[in-house]
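Chemist: got a structure for you, letters missing:
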């Protein structure tokens with residue numbers, strides 16, 4: 001079993017997932033959910049966008065000698081939180097000298113000082129047909145009265161050519177108010193698509209959300 005990649009040998013939870021702006025320690029609890037005993041485990045934390053959440057060198061990687069089935073290891077990481085963003089774990093380990101690696105899902109870290117955030121961002125269904133019009137919805141929530149917002153939605157098709165598909169200026173939202181925005185995109189390539197929604201306040205990026213969908217032949 002050389003360079004084996006298993007989909008779900010581990011699971012992880014992050015606390016806290018809401019921070020004030022600035023430097024903080026966050027905790028990820030890494031659990032072995034397989035029936036195997038792992039040894040020589042290396043775990044590193046990475047940010048989807050270091051402009052939002054920066055993982056600091058003082059607490060970016062850990063080494064665990066052993067993790068038996070159903071055991072949990074507590075890992076502490078040092079981060080600089082600027083805006084709501086996403087982090088993920090990159091874990092490698094060995095089973096009887098065989099190499100195993102695992103990438104966690106993205107974990108959202110919310111920064112409460114931002115005046116608004118993208119609360120939800122999704123497509124109507126996970127699978128679409130070629131030449132079908134993809135429909136997405138973005139939900140923006142304001143933490144206080146706010147104006148001068150801009151929402152951008154971009155797509156990365158299988159060819160990897162990033163394209164901006166929608167751009168909306170939002171004049172204002174009242175405190176605790178919610179606004180919904182629809183975007184459409186014609187899918188002309190088969191494969192996995194990545195969608196990104198970005199929210200700007202006074203030209204500064206304050207919130208990002210991701211989603212994916214798959215296009216299959218008609």
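Modeler: Perfect, thanks for sending it. The shown structure was predicted, so the numbers you read here are calculated from the model rather than taken from an experiment.
Chemist: buried ones in the longest strand along the chain?
Modeler: Looking across the chain with DSSP state E, the single longest strand is strand 204-216. Of the residues in strand 204-216, 205-209, 211, 213, 215 count as buried by neighbour count, 16 or more other C-beta atoms under 10 Å. All C-beta spots, glycine's among them, are computed from the backbone N, C-alpha and C.
Chemist: Most widely separated two among the residues you listed?
Modeler: 206 and 215 (30.5 Å; C-beta to C-beta).
Chemist: List the residue ranges of the protein that fall below the pLDDT cut-off.
Modeler: Along the chain, segments meeting pLDDT under 70 span 1-7.
Chemist: quick one, domains of it?
Modeler: Following automatic domain parsing, one finds the domains of the chain at 4-111, 116-216.
Chemist: related to what we said a few turns ago, just checking: what are the partner strands of the longest strand of the chain?
Modeler: strand 127-129 (parallel), strand 191-201 (antiparallel) (DSSP bridges).
Chemist: Distance from the chain centre to that strand, please.
Modeler: Relative to the chain's own centre, strand 204-216 is displaced by 9 Å; criterion: C-alpha atoms, centre = their mean, to the nearest Å.
Chemist: Which stretches in the protein count as helices?
Modeler: Using DSSP state H, the chain contains no helices.
Chemist: ok, now which residue in it is the farthest from the centroid?
Modeler: residue 96 (32.2 Å; C-alpha atoms, centre = their mean).
Chemist: distance of that residue from residue 63?
Modeler: Per C-beta to C-beta, to the nearest Å, residue 96 is found 19 Å from residue 63.
Chemist: Next, the buried residues of stretch 68-88.
Modeler: Using 16+ other C-beta under 10 Å as the test for burial, stretch 68-88 gives 73, 75, 77-88.
Chemist: what two of the residues you listed have the greatest distance between them?
Modeler: Spanning the widest gap among the buried residues of stretch 68-88 are 73 and 83, at 28.9 Å by C-beta to C-beta.
Chemist: Could you find the closest non-adjacent residue to the residue most central in space within the chain?
Modeler: Nearest to the centroid of the C-alpha atoms of the chain, with distances taken as C-alpha atoms, centre = their mean, sits residue 106, at 3.6 Å. In space, and not counting its chain neighbours, residue 106 is closest to residue 86: 4.2 Å by C-beta to C-beta, 6 or more residues apart in numbering.
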